[in-house]
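Asker: Sharing a sequence plus its predicted fold:
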Amino acid sequence: MPIQWFPGHMHSTRKAISERLPEIDVVIELLDARLPGSSANPLLAELTQGKPALKVLNKQDLADPELTTLWLDHYQAQAATRALGLDASAAAPARQLVAACRALAPLRGGMVKPLRVLICGIPNVGKSTLINTLMGQRSAKTGDEPGITKAEQKLVLASDVYLFDTPGMLWPRITVEQTGYHLAASGGIGRNAYDEEEVALVLLASVRPRYGHRLQERYKLGDIAALGDEALLAEVGRKRGGLLPGGRVNMQKAAEVAINDFRTGAWGRITLETPEEFLRWWAHGQVLDAQRSARREALTRKKTPDRSLQADTTTTKTGPKPPVEP
């Protein structure tokens with residue numbers, strides 16, 4: 001089953017974004033460059049209703065540069081959309097955002113018509129760090145847990161550029177199973193919403209086809225081609241002090257090591273998905289979701305009595321009432 005995590009404050013975030021959008025000129029969506037498709041919020045596309053969009057692939061210093069280029073080209077090909085890669089902690093590239101937003105809304109600017117920008121993203125994608133870099137000070141709280149920012153902030157990037165920051169928001173239901181696992185591996189979902197061993201197994205399965213040699217180097221392993229994902233995770237635990245009495249492997253410890261090594265870049269620059277792969281997963285997820293909806297509707301119809309049929313049955317049982325004599 002897909003991983004699900006939608007804390008209560010995200011409902012208010014959705015409402016706040018909907019109310020703010022009519023006066024917004026450009027929407028910035030911050031994505032994780034290691035999983036751009038999985039970290040893109042489909043609900044945001046619905047809410048923004050075709051407004052000019054800037055897709056920012058954050059944490060590009062942790063992502064595969066060749067696949068980052070593929071993703072940038074993918075987004076650049078979309079209407080009224082620009083895309084750029086960014087490391088949120090680097091000051092010079094961060095300033096590109098203002099120029100890109102001006103290019104997307106050339107008729108806005110100046111004190112009479114200031115440029116109004118909304119920045120959105122999933123939890124823990126690095127939005128607060130980026131805002132602090134843009135402002136040159138700690139304007140937003142940061143942390144390694146999703147859901148740090150809980151309320152909207154209005155910031156002044158330039159004399160005629162206003163930035164509205166919103167709390168990180170997922171969508172109410174994750175329909176693409178791979179997306180849920182990739183979000184969990186990246187830290188975009190709260191720890192209480194997933195099983196770390198299960199996430200680590202999917203993570204290894206996603207990484208090994210393109211970057212198996214990185215895993216061999218990191219954990220000093222031989223050929224891993226013959227190892228299943230569970231056996232590979234056990235080797236990670238064995239090499240990183242995850243042994244229990246009797247030589248058994250602590251798989252929970254192994255999972256924590258694997259996930260942490262991915263998040264910190266210990267495996268090198270890795271991207272978990274290409275545009276083609278993600279679009280295939282998305283299409284498959286929509287088919288499965290439609291099938292689930294059809295099954296639910298059929299079950300509801302089966303459980304709900306047909307009132308017209310009940311009326312007919314009652315009439316048949318009792319017969320028509322005799323006419324009242326005058």
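Answerer: Nice, I can see it. Note that the structure is predicted; figures quoted are calculated from it, not measured.
Asker: can you give me the helices in the stretch 51-200 of the chain?
Answerer: Counting by DSSP state H, counting those that start in this stretch, the stretch 51-200 of the chain has helices at residues 65-76, 91-94, 96-104, 127-135, 177-186, 196-219.
Asker: need the least confident one among these, by mean pLDDT.
Answerer: Ranked by mean pLDDT, the helices of the stretch 51-200 of the chain end with helix 91-94 in last place, scoring a mean of 66.
Asker: Name the nearest residue to the residue most central in space within the chain, sequence neighbours excluded.
Answerer: Residue closest to the average C-alpha location in the chain (Cα atoms, centre = their mean): residue 39, at 2.9 Å. The shortest distance from residue 39 to any non-neighbouring residue, by Cβ to Cβ, 6 or more residues apart in numbering, is to residue 32 (4.2 Å). Every C-beta, even on glycine, is put in place using the N, C-alpha and C of the backbone.
Asker: what about this structure, any weak spots by pLDDT?
Answerer: Within the chain, the ranges that satisfy pLDDT under 70 run 1-11, 88-89, 91-94, 137-152, 171-172, 305-326.
Asker: any idea how it splits into domains?
Answerer: Per automatic domain parsing, the structural domains of the chain span 9-165, 195-264.
Asker: So which of the ones you listed is nearest residue 278?
Answerer: The closest of the domains of the chain to residue 278 is domain 9-165. By Cβ to Cβ, the value is 3.1 Å.
Asker: that older thread, so which of the helices of the stretch 51-200 of the chain is the most surrounded?
Answerer: The highest mean neighbour count among the helices of the stretch 51-200 of the chain, using mean count of other Cβ atoms under 10 Å, belongs to helix 177-186: a mean of 24.
Asker: Quick check: residue 269 touching residue 66?
Answerer: No: counting by Cβ atoms under 8 Å, residue 269 stays clear of residue 66, with 9.5 Å between them.
Asker: can you pull up the bridge partners for the residue nearest to residue 39?
Answerer: With DSSP bridges applied, residue 32 shows beta-bridge pairing to residue 58.
Asker: residues near residue 125, how many?
Answerer: 27 (other Cβ atoms under 10 Å).
Asker: separation between it and residue 267?
Answerer: Residue 125 sits 19 Å away from residue 267, taking Cβ to Cβ, to the nearest Å as the criterion.
Asker: Now residue 114: closest residue in space that isn't a chain neighbour?
Answerer: Nearest in space to residue 114, with sequence neighbours left out and distances taken as Cβ to Cβ, 6+ apart, is residue 160 at 4.4 Å.
Asker: Just the strands from this protein, written as ranges.
Answerer: Under the criterion DSSP state E, the chain contains strands at 26-32, 53-58, 81-86, 115-121, 153-158, 161-165.
Asker: mind listing what residue 36 touches?
Answerer: Going by Cβ atoms under 8 Å, 6 or more residues apart in numbering, residue 36 touches 55, 57, 71, 75, 273, 275, 278.
Asker: Tell me what angle the longest helix seen in the chain forms with helix 196-219.
Answerer: Ranked by residue count under DSSP state H, the longest helix found in the chain is helix 275-303. Angle of helix 275-303 versus helix 196-219, following axes from the mean of the first three to the mean of the last three Cα atoms, to 10 degrees, is 170 degrees.
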